[in-house]
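Visitor: requesting a structural model of the entry that follows:
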Amino acid sequence: MKGVEIRVQQKEGMAILEVEGELDFSNVEQLQQEIQRRTEEVVEIDLQGLRFIDSSGVGMLLSQVRHLYKQGRTLRIVRIPDFIREDLDVIGFFQVLEALKTNPNA
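Guide: The predicted structure follows:
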């Protein structure tokens, strides 16, 4: 499978977006639009099925975290594959997430 597939599940007050495939500049807008379409208090992005993410995907996720925090909502990123988690750790992704939690205007 080339590209990205997004499956949406809803629970009480929460939307779960399961992302599979490759998230890159060619399809990052698809996930961004799905996140923005959600009205739930908590939007959870499940990356268990993700095989690749490029800098545009990483940037979009951080942008959406900031956007939802400013609205008093939460964007959680869960079940990140180890090989992707290692890359995100190297570029400081998790430090930026923590900073955004304490100051969404940063």
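
Visitor: ok, residues contacting the helix ranked longest in the chain?
Guide: Counting by DSSP state H, the longest helix found in the chain is helix 55-70. Contact with helix 55-70 is made by 23-25, 28, 31-32, 35-36, 43, 45, 74-75, 77, 88, 91, 93, 96-97, 100-101, 104-106, as judged by C-beta atoms under 8 Å, 6 or more residues apart in numbering. C-beta coordinates here come from the backbone N, C-alpha and C atoms, glycine included.

Visitor: one more pass at 6 Å, please.
Guide: With contact meaning C-beta atoms under 6 Å, 6 or more residues apart in numbering, helix 55-70 is reached by 23, 25, 28, 32, 35, 75, 96, 100, 104.

Visitor: name the nearest of those relative to Met14.
Guide: Comparing the contacts of helix 55-70 against Met14 with C-beta to C-beta places Leu75 closest, at 11.0 Å.
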